[in-house]
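Asker: All I have is the shape, not the residue letters:
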């Protein structure tokens with residue numbers, strides 16, 4: 001293959017990957033009753049420490065999901081045999097991230113969806129690490 005073909009392939013995979021990431025972020029926002037971006041934006045209010053803590057918790061939670069999905073997408077790009085294959089694995093990654101969030105919500109003795117807006121940073125950190133671990137495991141499972 002020539003250098004132009006490699007560059008063309010790069011852009012094709014980029015054009016598929018970026019929208020999957022955007023859809024993933026949108027879906028992640030739909031899975032929670034609170035708006036992560038609003039909590040993060042309100043965290044700039046230095047007069048209310050609870051808002052700052054809620055912003056940190058939301059940023060960790062959403063950030064972990066994004067990193068987890070990016071890990072899955074990176075593995076999918078590496079292993080994909082076609083653009084459709086990449087898209088399929090990307091959407092599987094989104095579904096699994098959402099599924100793990102609901103499983104985490106169901107199995108814990110506290111409600112994640114109420115703890116993050118209250119500013120429980122520990123819950124946000126734990127959810128983040130769980131999402132990253134999910135992404136690593138799913139990425140490892142993609143093979144042919």
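Answerer: Good, I have the coordinates. Just so you know, these numbers come straight off a predicted model, no measurement behind them.
Asker: Only C-alpha atoms from now on, for both contacts and neighbour counts.
Answerer: Fine.
Asker: ok, longest helix in this protein?
Answerer: Counting by DSSP state H, the longest helix found in the chain is helix 49-79.
Asker: Go through that helix and flag the buried ones.
Answerer: 50-77, 79 (16 or more other CA atoms under 10 Å).
Asker: quick one: what helix or strand has residue 44 in it?
Answerer: In this assignment (DSSP states H and E), residue 44 forms part of neither any helix nor any strand.
Asker: Does it touch residue 52 like I think?
Answerer: Yes: counting by CA atoms under 8 Å, residue 44 touches residue 52, with 6.7 Å between them.
Asker: Identify the residues contacting the nearest residue to residue 50 once chain neighbours are set aside.
Answerer: Setting aside the residues directly before and after it, residue 50 is nearest to residue 119 in space (CA to CA, 6 or more residues apart in numbering), at 5.7 Å. By CA atoms under 8 Å, 6 or more residues apart in numbering, residue 119 lies in contact with 50, 51, 52, 53, 54, 55, 56, 57.
Asker: Let's see that with 6 Å instead.
Answerer: Going by CA atoms under 6 Å, 6 or more residues apart in numbering, residue 119 touches 50, 53, 54.
Asker: Now the second one: closest residue in space that isn't a chain neighbour?
Answerer: Going back to what we said before, that points to residue 53. Counting by CA to CA, 6+ apart, the nearest residue to residue 53 once its immediate chain neighbours are dropped is residue 119, at 4.3 Å.
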